[in-house]
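In: Below is the sequence, then the predicted model.
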Amino acid sequence: MNLNRREFVRLMGLAGAAGIFPRAGFAAGSDDSKLYDVPAFGNARILHFTDCHAQLNPIYFREPNVNLGIGGAFGKPPHLVGNKLLEHFGIPGGGIEAHAYTYLNFEEAARMFGKVGGFAHLATLVKKLRAEYAEGRSLLIDGGDTWQGSGTAYWTRGRDMVEACNLLGVDVMTGHWEFTYLAAEVLENAGKFAGEFVSQNCKVKEDALFDYELGDLGDFNEDTGHVFKPYTIREMGDLRIAVVGQSFPYTPIANPQRFIPDWTFGINEGDMQEIVDQAREEEDPDGLIVISHNGMDVDLKMASRVSGIDAIFGGHTHDGVPGAVPVSNPGGKTLVTNAGSNGKFLGVMDMDYKGKKLREFRYRLLPVFSNLLPADAEMSAYIEKVRKPHLAKLQEELAMAEDVLFRRGNFNGTFDQVICDALRVEGDAQISLSPGFRWGTTVLPGQAITMEHVMDQTCITYPETYVREMTGEDLKLILEDVADNLFNKDPYYQQGGDMVRLGGLDYIIDPAAGAGARISDMRLDDGSVIDAAKSYKVAGWATVGSQSPGAPIWDVVADYLRREDTVRIKKLNTPKLKNVSGNPGMA
């Protein structure tokens, strides 16, 4: 539905009062366009994006105001938000970069600076940065979570993103949500990908090795069990750089094993050291980097324990970290980066290699603003073509947003609340549960919520909903288990998601407490205390172990929104926090 005249006048009045009308200086040549001036340095340029979640078009995306660091992670990147993040990295407040990296004044800044990402705009930036560097000395790497996250990716089984990445010129990638398609589809997509798919920790299970023959899997190694190459060597002028892949370690736990029943993953720190040593010894490269989907905390720990890696280009936790973090280890130092999500950022690391050693580097995390970067014509034509068969469905306007609807953060986001409310209403349930996914685009107040927005928030290959009875004890166990995954002081026991989102239920959480002791005072919306022995009617979706019987979540949410017409968050079921006072990961 379109804005009526009254709503339009109200929004324009607010914009004028806040001084946020679009500026004439947005065209090329403005001060903001200097954002993309990256003087060439060294002899190798690595361009890195990750976790784009199939977002081909520009979007809005709000960064978190809660990203708590516990134990050794307290006060360190990536667990800094808002002004604390800006202070740490020396970024002035109020400008375009402050908007890119933080949630601060999000609505006003989003209206001022416009949308972010979009493959046509990303393509323009990639071409610019490659053209300004020595020919043949740049490498574009993709950290994964590329083939999932949109309606078109779901309907094409990820193929739309494979072709988009081919046009973009991606050289090497690894994966996570890529593995939520069927194994045969993953292999077919990897075969259609013009670059190389690498993963040192994705292997065929020992009891399934005899079921495979050479040729059954594209890069299957019957001696090591690797499904894909663990690493590749890329020629960059007179340099040879080894690129090792690290897929999401907990794929068969966080996502359905039934789609890839014969494959196993894991952090495999020892294997990583062996692969790094092997690549160094057998290939004698000038340098070695890792494309990782571990999550930044896991990368930081791995960097402290595995020697021989020059830099880890990380993903999974969607942390837009403006600087590279140096980590000491027994062999020297490793740089750790994380490049955000949704196509919003492009990491640029210029590296200076001499005598097979990384001597110096320069790093920038560039926000991709569609108002500052013209769309690449070839990519635009492709995006229009691949979306055309689905436009009528995607563009259906379901309701009008009266609040900023977002997901990102350790606890409930406002769009998560919409999903939880829809589950409760449509399932006639007391309580609803929704996974703590970190992907999902943002909707501004006064913007129509379309079917595309709903798909951006819910589009997975196991979308079925359920309504079932759970005891209070069951609910507490679920919350405790997810809290330990999120706040365990050992990063190797973290899986990188956020807390399960809730509808109809509030609680108190102490992130610093031990396993099983973080959750207390669970209550229904009416104030009733949750009884451990009592059963409650619970609605949810995205079951990992087996397929649920209900309708896809996007149909449930769409039905709810069509009836609501306008959406205002009446209550956000977010917990009360204990022992987090002064934590710079909370604002």
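Out: Yep, it's here.
In: CA atoms for contacts and neighbours, from now on please.
Out: Fine.
In: which regions of the chain lie under the pLDDT threshold?
Out: 1-31, 33, 212-218 (pLDDT under 70).
In: And whichever helix in it runs longest, what does it pack against?
Out: Taking DSSP state H as the criterion, the chain has its longest helix at helix 472-487. For helix 472-487, the contact count by 3 or more CA pairs under 8 Å, 6 or more residues apart in numbering; DSSP states H and E identifies strand 519-524 as packing neighbours.
In: Give me the angle between the helix or strand that the strand it packs on is followed by and helix 472-487.
Out: Proceeding N to C from strand 519-524, the next assigned helix or strand is strand 535-541, under DSSP states H and E. Interaxial angle of strand 535-541 relative to helix 472-487 (axes from the mean of the first three to the mean of the last three CA atoms, to 10 degrees): 40 degrees.
In: Paired strands for strand 535-541, with orientation please.
Out: strand 431-434 (parallel), strand 465-471 (antiparallel) (DSSP bridges).
In: quick one: it to chain centroid distance?
Out: 27 Å (CA atoms, centre = their mean, to the nearest Å).
In: Buried residues, it. List them.
Out: By 16 or more other CA atoms under 10 Å, the buried positions in strand 535-541 come out as S535, Y536, K537, V538, A539, G540, W541.
In: Looking at those residues, which is nearest E396?
Out: Using CA to CA, the shortest approach to E396 within the buried residues of strand 535-541 belongs to W541, at 23.0 Å.
In: Any idea what the closest one is bridged to?
Out: Here W541, judged by DSSP bridges, has bridge partners T465.
In: I'd assumed R468 was in contact with it.
Out: No - applying CA atoms under 8 Å as the test, W541 and R468 come out as separate, 11.0 Å apart.
In: what's near enough to touch M400?
Out: M400 is in contact with M1, P445, G446, Q447, A448, I449, D565, T566, V567, counting by CA atoms under 8 Å, 6 or more residues apart in numbering.
In: any chance of those residues in JSON lines, with distance to E97 and neighbour count too?
Out: Compiled in JSON lines, the contacts of M400 are given as follows (distance: CA to CA, whole Å; neighbours: other CA atoms under 10 Å):
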{"residue": "M1", "distance to E97": "32", "neighbour count": "14"}
{"residue": "P445", "distance to E97": "22", "neighbour count": "17"}
{"residue": "G446", "distance to E97": "25", "neighbour count": "20"}
{"residue": "Q447", "distance to E97": "24", "neighbour count": "18"}
{"residue": "A448", "distance to E97": "27", "neighbour count": "23"}
{"residue": "I449", "distance to E97": "27", "neighbour count": "27"}
{"residue": "D565", "distance to E97": "35", "neighbour count": "15"}
{"residue": "T566", "distance to E97": "32", "neighbour count": "17"}
{"residue": "V567", "distance to E97": "30", "neighbour count": "19"}
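In: Using a markdown table, please lay out the residues you listed together with secondary structure.
Out: Output for these, formatted as a markdown table (DSSP: H, G, I helix; E, B strand; the rest coil):
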| residue | secondary structure |
| --- | --- |
| M1 | coil |
| P445 | coil |
| G446 | coil |
| Q447 | coil |
| A448 | strand |
| I449 | strand |
| D565 | coil |
| T566 | strand |
| V567 | strand |
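In: hmm, back to that, quickly compare the strands paired with strand 535-541 and say which is most buried.
Out: Sort the strands paired with strand 535-541 by mean neighbour count, taking mean count of other CA atoms under 10 Å, and strand 431-434 sits at the top with a mean of 25.
In: how much space is there between the residue lying closest to A134 once chain neighbours are set aside and K357?
Out: Distances taken as CA to CA, 6 or more residues apart in numbering place N43 nearest to A134, at 7.8 Å, with adjacent residues excluded. Applying CA to CA, to the nearest Å, the value for N43 to K357 is 12 Å.
In: Run through who's touching stretch 116-131.
Out: 36, 38, 47, 55-61, 138, 164, 168, 342-346, 367-370, 373-380.
In: List buried residues within the residues you listed.
Out: Buried among the contacts of stretch 116-131 (16+ other CA under 10 Å): 36, 38, 47, 55-61, 138, 164, 168, 342-346, 367-370, 373-376, 379-380.
In: Just those residues: which are in helices?
Out: A164, L168, M379, S380.
In: gap between R424 and L433?
Out: Counting by CA to CA - R424 and L433 are separated by 9 Å.
In: ugh, wrong one, I meant G93
Out: 37 Å.
In: Equivalent analysis for A184, please.
Out: 31 Å.
In: With T102 instead?
Out: As defined by CA to CA, T102 lies at a distance of 27 Å from L433.
In: Can you pick out the residue with more neighbours from N43 and K357?
Out: The neighbour comparison of N43 against K357 (other CA atoms under 10 Å) goes to N43, with 19 against 13.
In: Next up, the contacts around that one.
Out: A134, R137, D350, M351, D352, Y353.
In: Which of those sits closest to R111?
Out: D350 (32.7 Å).
In: The closest one belongs to a strand?
Out: Yes - D350 forms part of a strand when assessed by three-state DSSP.
In: returning to what we had before: quick one: common contacting residues for R424 and L433?
Out: G503, V538, A539.
In: now the end-to-end length of stretch 95-104.
Out: 10 Å.
In: buried ones in it?
Out: Applying 16+ other CA under 10 Å to stretch 95-104 flags I96, E97, A98, H99, A100, Y101, T102, Y103, L104 as buried.
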